[in-house]
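Novice: here is a sequence with its predicted model. Questions after.
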Amino acid sequence: MVQELFNRTRFCLNEHLPFVLYRKPNTHELIGIFQDSDEVHTVVDYSETGFVFAPFDADVDAIYIKRDAVLKSDFTPENNTLKPIESSVLLNVDGKEGYIRLVKKALSYIEKGTFDKVVLSRKVHVELTDTYHHIFQRLLTTYPEAFCYYWHHPKIGTWMGATPEILIKTSGTQFTTMSLAGTQSIEEGQAPSWSYKELNEQQVVTDYIVDVLKENVQALKVLERESVRAGQLWHLRTELTGVIAPSKFGAVLKALHPTPAVCGNPLQNAKRFILYNESYKRSFYTGFLGELNLQEEMPRNRNRKNQENSAYKSIRKSSELYVNLRCMQLVQDKANIYVGGGITKDSDPEREWEETAYKSKTMLRILNNK
Ligand SMILES: C=C(O[C@@H]1C=C(C(=O)O)C=C[C@H]1O)C(=O)O
């Protein structure tokens, strides 16, 4: 069955048709969505149904792939051991000077008071030595706890990623979102120890989310902050739950994207700095992606015996959207890996560079296997 999914994607690549393959965190089901034409469908108001792919810049259209055909298959990860990455590859010094200069410039803006946090990023270029299918299979096997995807649109491009960050997950009006920030490399057997810089940086994101959601949600709950693993990294995470006010889903999404986790604070000043000073377009990196407005069948009354009878069932909409992190854009036999991190007044440029190097490992590990 998995083979059927992969064969279909090969067919789509040959025939220039859009598709996406994905697997949700901690599940064993690979899902494929296939569109019958190469049309580019743009999102108007987030009432659309399909697999959405939205860029970082919210002023640029988000697109979605229509669910003309949906195939599902069990996917059981094989045991695979990846070769360790040589540090010369990891800390590939290309671009180091430019990134450090950029961090220093951001620090001078923080000092002037333009913003107190900005998330900066860079691209790592890699020559591919393997097929897209093998790379994606390794991605699925290596990151069972991530949302893993392989997305293609003949008129837009090809992307792959293994993201740890939920933008929003809804079932009917119930929703969950998260504030994820702060990064440390995992030392096996050791708990992370967070500095003031990291705790504060993540708190800024949580406070921001609470503030922007208040108008459009009810019963907002902020859960306990925790340390979570994402590949070989630790992050700080706070989950938030609540109920979306009637017909406010689009407004909630607009409020959540982008958050200071991937842009900065205050948002507009940070965004302006990013757009003018990063030397390339982020395109879909730090945008979001996932299932938009799928229909879920719910039993209307759990005490009713005759659950088969459709009179006792109701239809609910559900969405599951992720922030596009730990991802790469594939262009023929090359990959552009995108990595970034939050800069605040306590940032040390050299350590910020190292943080992006650690983040690049998530994709480099699965590319560097020959
Ligand atoms: C920007 C990225 O990650 C974001 C920034 C983080 C940080 O600054 O510590 C941590 C998780 C993400 O919210 C990335 O992975 O490229």
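Specialist: Alright, I've got the coordinates. Numbering: from 1, shown residues only.

Novice: what is the burial count for whatever residue of the stretch 1-150 of the chain ends up closest to the ligand?
Specialist: Nearest residue of the stretch 1-150 of the chain to the ligand, counting by C-beta to the nearest ligand atom: Val119, 5.2 Å away. Using the backbone N, CA and C atoms, a C-beta is placed for each residue, glycine as well. Using other C-beta atoms under 10 Å, Val119 has 25 neighbouring residues.

Novice: now swap in His152 and tell me
Specialist: Quick note: His152 (other C-beta under 10 Å) scores 21 neighbours.

Novice: am I right that it is in a strand?
Specialist: Yes - counting by DSSP: H, G, I helix; E, B strand; the rest coil, His152 is located in a strand.

Novice: burial measure for the closest residue to it other than its chain neighbours, as a count.
Specialist: Distance criterion C-beta to C-beta, 6 or more residues apart in numbering; nearest residue to His152, sequence neighbours excluded, is Thr158 at 4.6 Å. For Thr158, the tally of surrounding residues (other C-beta under 10 Å) stands at 17.

Novice: what residues does the stretch 151-300 of the chain put near the ligand?
Specialist: Within the stretch 151-300 of the chain, the positions lying close to the ligand (C-beta under 6 Å from any ligand atom) are Glu165, Leu180, Ala181, Gly182, Thr183, His235, Ala261, Val262.

Novice: I figured the second one hits Leu233, correct?
Specialist: What it means is Leu180. No - taking contacts as C-beta atoms under 8 Å, Leu180 lies outside contact range of Leu233: 10.8 Å.

Novice: of these two, who's got more company?
Specialist: Leu180 (25 against 20).

Novice: what is that one paired to in the beta sheet?
Specialist: In this entry, Leu180 is beta-bridged to Arg237, by DSSP bridges.

Novice: tell me the pLDDT of it.
Specialist: We note a pLDDT of 97 for Leu180 in this prediction.

Novice: and it, how far from Thr163?
Specialist: Distance of Leu180 to Thr163, given as C-beta to C-beta, to the nearest Å: 10 Å.

Novice: can you give me the first-to-last residue distance of stretch 242-257?
Specialist: Start and end residues of stretch 242-257 are separated by 17 Å (C-alpha to C-alpha, to the nearest Å).

Novice: from the chain's centroid, how far away is that stretch?
Specialist: Taking C-alpha atoms, centre = their mean, to the nearest Å, one finds stretch 242-257 lying 19 Å from the centre of the chain it belongs to.

Novice: so which bits of it are buried?
Specialist: Gly242, Ile244, Lys248, Phe249, Ala251, Val252, Leu253, Ala255, Leu256, His257 (16 or more other C-beta atoms under 10 Å).

Novice: secondary structure added to these, as TSV?
Specialist: Putting these into TSV (three-state DSSP) gives the following:
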residue	secondary structure
Gly242	strand
Ile244	strand
Lys248	coil
Phe249	helix
Ala251	helix
Val252	helix
Leu253	helix
Ala255	helix
Leu256	helix
His257	coil
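
Novice: reformat the residues of the stretch 151-300 of the chain next to the ligand as JSON lines; add secondary structure and distance to Glu15.
Specialist: Output for these, formatted as JSON lines (DSSP: H, G, I helix; E, B strand; the rest coil; distance: C-beta to C-beta, whole Å):
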{"residue": "Glu165", "secondary structure": "coil", "distance to Glu15": "33"}
{"residue": "Leu180", "secondary structure": "strand", "distance to Glu15": "38"}
{"residue": "Ala181", "secondary structure": "strand", "distance to Glu15": "41"}
{"residue": "Gly182", "secondary structure": "strand", "distance to Glu15": "44"}
{"residue": "Thr183", "secondary structure": "strand", "distance to Glu15": "41"}
{"residue": "His235", "secondary structure": "strand", "distance to Glu15": "40"}
{"residue": "Ala261", "secondary structure": "coil", "distance to Glu15": "38"}
{"residue": "Val262", "secondary structure": "coil", "distance to Glu15": "34"}
